[in-house]
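Visitor: sequence and predicted model, in that order:
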Amino acid sequence: MKKLRVGVIYGGRSGEHEVSVASAASIIKYLDRSRYEPVPIRIEKDGRWTLADKAPTAISAADVIEHVRLEAARPARPGREAHLVAHPGEDTVLAIERCPAQSQVDPSGAATVTGVGLDVVFPVLHGPYGEDGTVQGLLELANVPYVGAGVLGSAVGMDKAVMKTLFIARGLPVGPYLVILRPEWSADAGGLSNRVTKELGYPVFVKPANLGSSVGISKAKSAADLGSAMELALQFDRKIVIEAAVSNAREIECAVLGNDDPQASVPGEIIPSREFYDYEAKYLDEGSKVVIPAALTDAQVREVQRLSIAAFRAVDGAGMARVDFFIAGDSGNIYLNEVNTIPGFTTISMFPKMWEASGVSYSELVDRLITLALERHAEKQQLRTSVT
């Protein structure tokens, strides 16, 4: 049987670059080599695409950060440029290897161009410029099967403000929140601060609308904290979501897998090592705890699974998603927080661990996601592109 060539795109221009590298390392490691040939495609922090000489091996964001520090002290090595061809064809990617000008090899400084055909792409890009529909749009133009949500689902899943609007339209439980744009805050910070006090109360969580992995998020316990929280969040996005804190909240997550008939995993619970589950608690500290399956009643499990599938469908999800919830400690009310269309994918990440607890191994999970991508692509090929 012919091996499928799987392009694993990772890295990216977002603040979640390191998490993406670690996710890609796990995916490539566990791809069944009897069925798949991985092609590592790295997007550098400045946006350059390269065909990696070797696959990443760091399995955590902390490992990636240390690796980057060590690499910075070494001489830079020019890699092969990678350019995704934005139209259907046999060559999905053009690899360009440039020769130094006036070198003994090629005095003209010409380049060698090689075509690389891909059967399917696994984008494991977290955050903007990868999880938000931008890369998905490029893959649609190339007419290449790819894992995960399409352009619309990816874009909606990235924008917390638009996502909440769709949740509310579907009647899903969402906590009180406000959306503030940079120009609005610049023009009337005092008035908006008063509005937060009046409509939400304190404490609140201040978040960039278009980012994940808790990057740029902080907890404001009073109006005096709001200014610095907004300043941090505005470094990452021009649109900010401010959410009222859920009283004595438990952080519950659930994984969804599928296309038209999505299935939900057993839920898991995060017990953060810090006051809330920020970037450091997720990826750099070792004190946070994960409980899978979460200690919930049967009724709560069924409701979390039902809401997870409903949220997945609300954002037009496909392939996979991790759905995050808060459960109020006093009332037991369940609040939908967000959907992540490309969740963390290391072997210790919640998405694969929840499926493992549900009876799906990491390797099987990767295989099923590739199968779902191919099935969805095949169905789309049946559509007409012309009226004649």
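Guide: Thanks, I have it. Numbering: from 1, shown residues only.
Visitor: just give the nearest non-adjacent residue to P123, would you?
Guide: Excluding its sequence neighbours, the residue lying closest to P123 (Cβ to Cβ, 6 or more residues apart in numbering) is I9, at 4.7 Å. The C-beta positions use only the backbone N, C-alpha and C, and glycine is treated the same way.
Visitor: what residues are up against the one you found?
Guide: Listed by Cβ atoms under 8 Å, 6 or more residues apart in numbering, the contact partners of I9 are 41, 43, 121-125, 130, 135.
Visitor: isn't there a strand covering it?
Guide: Yes - under DSSP: H, G, I helix; E, B strand; the rest coil, I9 falls within a strand.
Visitor: what's the distance between it and Q136?
Guide: Separation of I9 from Q136 (Cβ to Cβ, to the nearest Å): 11 Å.
Visitor: do the same with S193
Guide: 37 Å.
Visitor: tell me which of the two has more neighbours.
Guide: Q136 (25 against 17; other Cβ atoms under 10 Å).
Visitor: before we move on, the earlier item: what do I9 and Q136 both touch?
Guide: Listed as contacting both I9 and Q136 by Cβ under 8 Å, 6+ apart are P123.
Visitor: looking at D367 now. What's its pLDDT?
Guide: At D367, the model reports a pLDDT of 97.
Visitor: right, and it touches Y30 too?
Guide: No - under the criterion of Cβ atoms under 8 Å, D367 makes no contact with Y30, lying 9.3 Å away.
Visitor: and the helix of greatest length in the chain, what other elements does it pack with?
Guide: Longest helix of the chain, by residue count under DSSP state H: helix 362-380. Contact partners of helix 362-380 among helices and strands, from 3 or more Cβ pairs under 8 Å, 6 or more residues apart in numbering; DSSP states H and E: helix 17-30, strand 120-123, strand 250-258, strand 319-327, helix 350-357.
Visitor: what mean pLDDT does the longest one get?
Guide: For helix 17-30, the mean pLDDT works out to 91.
Visitor: now the shortest one
Guide: Taken as a whole, strand 120-123 has a mean pLDDT of 98.
Visitor: likewise for the last one?
Guide: Mean pLDDT, taken over the full extent of helix 350-357, equals 97.
Visitor: same question, the third one
Guide: Per-region confidence: strand 250-258 scores 97 on mean pLDDT.
Visitor: likewise the fourth one?
Guide: Here the mean pLDDT over strand 319-327 is 97, rounded to a whole number.
Visitor: just the C-alphas of the helix or strand that that strand is followed by, formatted as CSV.
Guide: As assigned by DSSP states H and E, the chain's next helix or strand after strand 319-327 is strand 334-340. Extracted in CSV, the C-alpha atoms of strand 334-340 (Å, rounded to 0.1, in the frame of the first residue of the first chain):
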residue,chain,number,x,y,z
ILE,A,334,-22.1,24.8,33.9
TYR,A,335,-20.7,27.7,31.8
LEU,A,336,-19.3,27.2,28.3
ASN,A,337,-16.0,29.0,28.0
GLU,A,338,-14.5,28.3,24.5
VAL,A,339,-13.7,25.9,21.7
ASN,A,340,-10.2,25.2,20.6
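Visitor: now strand 334-340: buried residues?
Guide: For strand 334-340, burial by neighbour count (16 or more other Cβ atoms under 10 Å) applies to 334-340.
Visitor: that strand packs against which elements?
Guide: helix 151-158, helix 160-169, helix 298-314, strand 319-327.
Visitor: just name the most buried of the ones you listed.
Guide: strand 319-327 (a mean of 25; mean count of other Cβ atoms under 10 Å).
Visitor: could you list the domains of the protein?
Guide: 4-146, 157-173+247-379, 177-244 (automatic domain parsing).
Visitor: which of the contacts of I9 has the most neighbours?
Guide: F122 (30 neighbours).
Visitor: gap between stretch 331-346 and the chain center?
Guide: 12 Å (Cα atoms, centre = their mean, to the nearest Å).
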